[in-house]
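**Q** quick one, structure for this:
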Amino acid sequence: MSFESTISSSDRLPARELAQRRSGTHEVKLLWHPASDRVELAVCDVTTGVSFHLDVDPGKAIDAFYHPFAYAARRGSAHGEVRAETTSIHG
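**A** All right, here's what the predicted structure looks like:
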């Protein structure tokens, strides 16, 4: 199973995947949104469908990519920017 990035109304062009990896049941993607020039970290548990997305500073993107949960904990507690999502899996 894969997941789609959350695309805001300001992002008219599709996101470009900069990096992707899988660790256990977690799929981690680093995405660039060219219209808004923002970088997004997207993490999905492919077993449950639970995912989160957050914007990352381009200078810290590779660190966030390799340490997504530590980065999300720091960003979430400081800025409240982590967006959690649950995807229903049928059949």
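**Q** what are the contacting residues of the helix or strand harbouring Glu27?
**A** For Glu27, the element it lies in under DSSP states H and E is strand 26-33. The contact list for strand 26-33, computed with CB atoms under 8 Å, 6 or more residues apart in numbering, reads 2-3, 5, 7, 11, 13, 15-22, 38-46, 56, 61-62, 64-65, 68. For every residue, glycine as well, the C-beta is placed using N, CA and C.
**Q** now, which of these lie within strands?
**A** Using DSSP state E, the subset of the contacts of strand 26-33 located in strands is 16-22, 38-45, 56.
**Q** from those residues, which would you call buried?
**A** Arg38, Val39, Glu40, Leu41, Ala42, Val43, Cys44, Asp45, Val56 (16 or more other CB atoms under 10 Å).
**Q** tell me the two of those that are most distant?
**A** Farthest apart among those by CB to CB are Arg38 and Asp45. That separation is 23.6 Å.
**Q** if you count neighbours, what's buried in stretch 47-57?
**A** So for stretch 47-57, counting by 16+ other CB under 10 Å, buried means Ser51, Phe52, His53, Leu54, Asp55, Val56.
**Q** show me the beta-bridge partners of the fifth one.
**A** Meaning Asp55. Glu40 (DSSP bridges).
**Q** can you check the pLDDT for it?
**A** Note on Asp55: pLDDT of 94.
**Q** what does the first one give?
**A** Confidence per residue is given as pLDDT, and for Ser51 that number is 92.
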